[in-house]
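Undergrad: Here's a sequence, model it:
(one chain, ligands or ions: 1)
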Amino acid sequence: MSSPTRQLKIVRYGDPVLRKPAQKVGRITAEVRQLVEQMVETMRAAGGVGLAANQIGVSQRLAVIEVEGEVRVLVDPEIVRTVGSELCDEGCLSLPRLYGLVERPIRAVVKARDLSGRRITLEGEGLLARALCHELDHLNGRLFIDNADESTLHWLLGHDDDGQPITQPTTLDDALRVFTAARKAHG
Ligand code: ZN
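TA: Here you go, the predicted structure:
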């Protein structure tokens with residue numbers, strides 16, 4: 001059976017798969033390669049910087065990241081070292097439009113395997129380090145709201161004519177109520 005689109009549905013806050021630590025991928029099969037291809041398509045279509053497999057309902061330690069035009073595929077990744085910390089605004093495709101300041105390392109070193117099974121070491125700085133830590137958190141059942149400074153949480157409502165973001169502050173409780181209500185409404 002062929003599907004009309006290779007994009008997958010991104011699961012949203014409230015789906016228990018997001019809170020479950022993902023399982024090791026182990027052997028890299030044709031299915032894993034196809035899944036990765038679909039994850040890249042899905043991440044791009046959603047305008048994201050990264051996507052973890054559990055965000056498309058697959059509880060496997062698999063993530064894709066695209067920073068500065070370069071796609072990185074992480075199979076069974078592990079953080080081996082982090083350096084420093086910085087506060088930056090962060091969001092997540094599974095919690096659409098919600099943003100807040102999250103403290104993350106300035107540099108992160110991650111060990112993983114690529115799609116041919118070779119061991120790789122990735123060193124990221126700034127946004128890449130942040131994306132690596134964000135996706136690794138996903139694979140351990142953690143979300144950015146677990147680390148976010150709650151007083152900085154806000155909705156991104158859109159942009160004005162000058163391209164400036166239009167935001168609205170929110171509390172974590174209120175934000176989670178919105179996601180829970182949307183989940184009930186859409187099933
Ligand atoms: Zn995320």
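
Undergrad: burial of G141, as a residue count?
TA: G141 has 16 neighbours, counted by other Cβ atoms under 10 Å. No exception for glycine: its C-beta is placed from N, CA and C like everyone else's.

Undergrad: R33 versus that one, what's the distance?
TA: 25 Å (Cβ to Cβ, to the nearest Å).

Undergrad: One more: V102?
TA: For V102, the distance to R33 - Cβ to Cβ - is 31 Å.

Undergrad: More neighbours: which of those two?
TA: V102 (23 against 13).

Undergrad: which SS state does the more buried one fall under?
TA: Under DSSP: H, G, I helix; E, B strand; the rest coil, V102 falls in the strand class.

Undergrad: Ignoring the adjacent residues along the chain, who's closest to it?
TA: Distance criterion Cβ to Cβ, 6 or more residues apart in numbering; nearest residue to V102, sequence neighbours excluded, is E90 at 4.3 Å.

Undergrad: Enumerate the positions of stretch 79-87 that are buried.
TA: 79, 82 (16 or more other Cβ atoms under 10 Å).

Undergrad: And for stretch 49-66?
TA: Quick answer for stretch 49-66 (16+ other Cβ under 10 Å): 49-56, 58-66.

Undergrad: List the buried residues for whichever strand or helix holds A131?
TA: Assigned by DSSP states H and E, A131 belongs to helix 127-139. Of the residues in helix 127-139, 128-139 count as buried by neighbour count, 16+ other Cβ under 10 Å.

Undergrad: likewise stretch 16-33?
TA: 17-18, 22, 25, 28, 32.

Undergrad: that older thread, how many neighbours does the residue nearest to V102 have?
TA: E90, neighbours per other Cβ under 10 Å, totals 22.

Undergrad: In three-state terms, label it for me.
TA: Assignment for E90 (three-state DSSP): strand.

Undergrad: show me the contacts for it.
TA: E90 makes contacts with 99-102, 104, 130, 134, 144, 148, as judged by Cβ atoms under 8 Å, 6 or more residues apart in numbering.
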